[in-house]
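Novice: here's my sequence, what's the structure:
(chains A and B)
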Amino acid sequence: MKRALFTTAALGWLALGALGSNAALAKVTNEDILNDDKNTSQVVTDGMGLQAQRFSPLNKINLKTVKKLVPAWTFSFGGEKQRGQEAQPLVADGVMYVTGSYSRLFAIDVKTGEELWQYDARLPDGIMPCCDVINRGAALYEDMVYFGTLDAKIVALDAKTGKVKWKKKVGDYKAGYSLTATPLIVEGKVVTGVSGGEFGIVGKVEARDAKTGELVWSRPTIEGHMGTLNGKDSTMTGVKNASWPGDMWKYGGGATWLGGTYDPETRQLFFGTGNPAPWNSHLRPGDNLYTASRLAIDIDTGEINWHYQTTPHDGWDFDGVNEVVSYNLDGKKLAATADRNGFFYVLDRTNGKLQNATPFVKDITWAKGIDLKTGRPMYSETGRPGNPMDAEGGKKGKAIFSIPSFLGGKNWMPMAYSPVTETFYVPSNEWGMDIWNEPITYKKGAAYLGAGFTIKPLFEDYIGSLKAIDPRTGKIKWEYKNNAPLWGGVMTTPELVFTGTPEGYLKAFNANNGEEVWKFNTGSGIVGSPITWEQDGEQYVAVVSGWGGAVPLWGGDVAKRIKNLNQGGSVWVFKLVM
Amino acid sequence: MPYLFVIPFLLTVLSFSAQAGNIAKDPLNSPMWEYLAEETFGENATIIVDENLKIFAPTNAESNFQVPVSVDASALGKVEEIVLMTDLNPFPIAAHFFPMKAKPYFATRVKLNEGSVIHAIAKTPDGIWHMNGTFVSAQGGGCTAGPQQTAQADWADHLLEAKGRIWQRVDSERIRLSLRHPMDTGLSGDVPVFIIEEINFKDANGLLLSRFELKEPISENPVLTLDFPKGGAPLRISGRDNNANEFDVEVGTR
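Specialist: Numbering: from 1, shown residues only, chains lettered A, B, ... in the order given. All right, here's what the predicted structure looks like:
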């Protein structure tokens, strides 16, 4: 009898799958993707719009009503694979698509919270993700849903059934490549970066035909490497050895691990590039282009239109990957980015010219400021860890205390921009590190750092700091302090700012003054990005919950503040109770 | 006005579907047979017991992970499809075989979660399903214990490596193919379902000759034997798993 019951349950699940597949699924068109910031009935892009402002004009949940925000349903990712959940969910045509740790993708009926299908990538034992087995989310186009896997593959699935349509290798996982960022879909191309900056890989941005997965163009991020277009060599990135000594460019890093954003107005992709490899900067004198930079890339050809390097000759692991958010203000086409190095930059997005750069964390040690004329940092003479070759025995260079730490004034967690308050809401962290350099040589698949480090908090009462920044002046309008480091994305509406905390809370703040107006504990730490949408006349908010990511793995002395945070893996959906 | 036409039509359909199907009882008394037959072939299917359909498997399984099974439906004449059913496995359907140009014969290996009747059900062009079965005694655990290969760190290095050969027989060319694949059922701890889903046999011009669909019960590192009419070699064999890992090999006589 027990047996029969089990089989019946299995068949019942199959029947449910069939039901889901019968529902007519509207296709996600290029127009849908381009208008995602305006269409409040769905969320079909990472960033709630290609420019990644993470702003929704929906205002049913507002300062007056937010107190009545309650859970509508919750969904568990199940299994024993409860690690960091850094995804942003997508919602299209009544279905939520959300990714979980260990390269899992779930399709959920958005009305009931019931699973429609689930896809689990079978991962090799040898994957080498640096910073937890996370995934940042899926992408939608036509009748397919796409996501990257920890073994550096991009997978396209039938959005109705979860069956794989195609899968392509982005890099060799044994050399340290992986893929955790959300793919970006623009004009029928699926654009991806690649992870692996700690293993001496070479970063690249690639565009594939979204229907077939065939490579259209590839753009390496390190000068000296050749790009391709339509199966042929196109142009070399930069000029070989212009800013790299010897052969160091061959394993130069510049991982594009956070993916990118797109600006339809200038038809440019904006991808950030990671740290140069190895971390020990004394081995690679020069600017090390195009590491720690923002690249504006032509969507049709993969050519670099302009670049802006936030940390030339990076010696602190200040990746330049953080998202570029396009916005228009005072009649100018601008873009803002809050760097790991602690400075908030405003660029003219038509040409990459620096407009303003201001510190958004306290007591930055590595640079005194950014020269607005040259766009270059004014390095502090004592701000760089010492050369091991200058030390006795040549083994360990002089250690220094650096602010920010290598986990950055701001890490991957995306900020939001409100065109209503004309303010950026930036999730940041106040911390420093002891860092020193060591000798290192490249070995395939081995960590390529040449540095040691310990992260330390700066203040007794907080590390995390959500800041409202006026992009005209760089002035901080308000700040919310959080005990544990902030590691989740931000979303904003006309009156509210939403973000999650490692302590498990999804919180809402008054967008104008930072007053905390609502919170709900989701049971595990939040390191994902919230979304909002409207359906059947009601406004919904969703966020994934599940503590993890880089902080518990790399956090050093921060451990004390996070040791009691437990893992999880679920989606929470909220709406107003009547 | 159109309703006048629709209502009699609906009545016809209803009266037809109300008819009891004709599913033969299992001579081996497998407890799941009638339930599975109705689920798989529909309640209106006609299924007869047919001794001309041969199914071979050992009386006792030496290993639950690798139970050899072969099915020969040659005596039925033209056959459109053969279904292999491992009744008491958590996923009972093991394979769908569409012979097309191949002879209605195959041999492979299956996992058994416990002692079970294995059924072969073959469809002839008249729409009738012919069934036969054999009981295999086995110990527990073939589907819920992890395969040996998952324990190996390098499984991904050899994934879908294929070996095959064609033998000339008196009246046919026999092809044997073996593939490296864990064929995870998804029932053992924290390992998702990961199986080869299809193997397609094509001639030198790319024309599809035969198709074999695999399900969870097929053993780790699957082996498959088919018979083709003489003169077909070499064959192009391709396929993919549920993660879209693909293989494509040419197999000739040696």
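Novice: alpha carbons only for contacts and neighbour counts from here, please
Specialist: OK.
Novice: how much space between residue B:65 and chain A?
Specialist: Per Cα to the nearest Cα, to the nearest Å, residue B:65 is found 20 Å from chain A.
Novice: that residue is in contact with residue B:139, isn't it?
Specialist: No - counting by Cα atoms under 8 Å, residue B:65 stays clear of residue B:139, with 10.3 Å between them.
Novice: between the two, which is the more surrounded one?
Specialist: Between residue B:65 and residue B:139, counted using other Cα atoms under 10 Å in any protein chain shown, the more crowded position is residue B:65 (23 against 15).
Novice: mind checking the SS state of the more buried one?
Specialist: Here residue B:65 is recorded as coil under DSSP: H, G, I helix; E, B strand; the rest coil.
Novice: intersection of neighbour lists for residue B:65 and residue B:139?
Specialist: Counting by Cα atoms under 8 Å, 6 or more residues apart in numbering or on different chains, residue B:65 and residue B:139 have no shared contacts at all.
Novice: was I right to think residue A:505 contacts residue A:526?
Specialist: Yes - between residue A:505 and residue A:526 there is a contact under Cα under 8 Å: 7.0 Å.
Novice: the two: which is more packed in?
Specialist: Remark: of residue A:505 and residue A:526, residue A:526 carries more neighbours, 34 against 19, as counted by other Cα under 10 Å.
Novice: need the contact list for residue A:346.
Specialist: Shown in contact with residue A:346 (Cα under 8 Å, 6+ apart): A:334, A:335, A:336, A:337, A:354, A:355, A:356, A:357, A:471.
Novice: with secondary structure and pLDDT as extra columns, can I get those in JSON lines?
Specialist: Below are those laid out as JSON lines (DSSP: H, G, I helix; E, B strand; the rest coil; pLDDT from 0 to 100):
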{"residue": "A:334", "secondary structure": "strand", "pLDDT": "98"}
{"residue": "A:335", "secondary structure": "strand", "pLDDT": "98"}
{"residue": "A:336", "secondary structure": "strand", "pLDDT": "98"}
{"residue": "A:337", "secondary structure": "strand", "pLDDT": "98"}
{"residue": "A:354", "secondary structure": "strand", "pLDDT": "98"}
{"residue": "A:355", "secondary structure": "strand", "pLDDT": "98"}
{"residue": "A:356", "secondary structure": "strand", "pLDDT": "98"}
{"residue": "A:357", "secondary structure": "strand", "pLDDT": "98"}
{"residue": "A:471", "secondary structure": "coil", "pLDDT": "98"}
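Novice: among these, which one lies nearest to residue B:106?
Specialist: The closest of those to residue B:106 turns out to be residue A:337 (Cα to Cα; 61.8 Å).
Novice: return the per-residue confidence for the residue lying closest to the closest one once chain neighbours are set aside.
Specialist: Spatial nearest neighbour of residue A:337, chain neighbours left out: residue A:324 (5.0 Å); criterion: Cα to Cα, 6 or more residues apart in numbering or on different chains. We note a pLDDT of 98 for residue A:324 in this prediction.
Novice: surely residue A:324 and residue A:263 touch.
Specialist: No - counting by Cα under 8 Å, residue A:324 does not reach residue A:263; the two are 9.7 Å apart.
Novice: what residues are shared contacts of these two?
Specialist: Listed contacts common to residue A:324 and residue A:263 are A:51, A:270; contacts here mean Cα under 8 Å, 6+ apart.
Novice: these two: who's more crowded?
Specialist: Between residue A:324 and residue A:263, residue A:324 has the larger neighbour count (other Cα under 10 Å), namely 32 against 22.
Novice: where does pLDDT dip in chain A?
Specialist: Filtered on pLDDT under 70, chain A yields the residue ranges A:1-25.
Novice: distance of residue B:217 from residue B:113?
Specialist: Using Cα to Cα, to the nearest Å, we find residue B:217 at a distance of 9 Å from residue B:113.
Novice: and those two? Which one has more around it.
Specialist: Set residue B:217 next to residue B:113 and count neighbours by other Cα under 10 Å: residue B:217 wins out with 29 against 23.
Novice: ok, the more buried one touching residue B:93?
Specialist: Yes - judged on Cα under 8 Å, residue B:217 makes contact with residue B:93 at a distance of 7.4 Å.
Novice: overlap in contacts, the two.
Specialist: In terms of Cα under 8 Å, 6+ apart, residue B:217 and residue B:93 are both contacted by the residues residue B:86.
Novice: run through who's touching stretch B:225-236.
Specialist: Stretch B:225-236 is contacted by residues B:101-108, B:166, B:168, B:171-177, B:201-204, B:206, B:248-253 when judged by Cα under 8 Å, 6+ apart.
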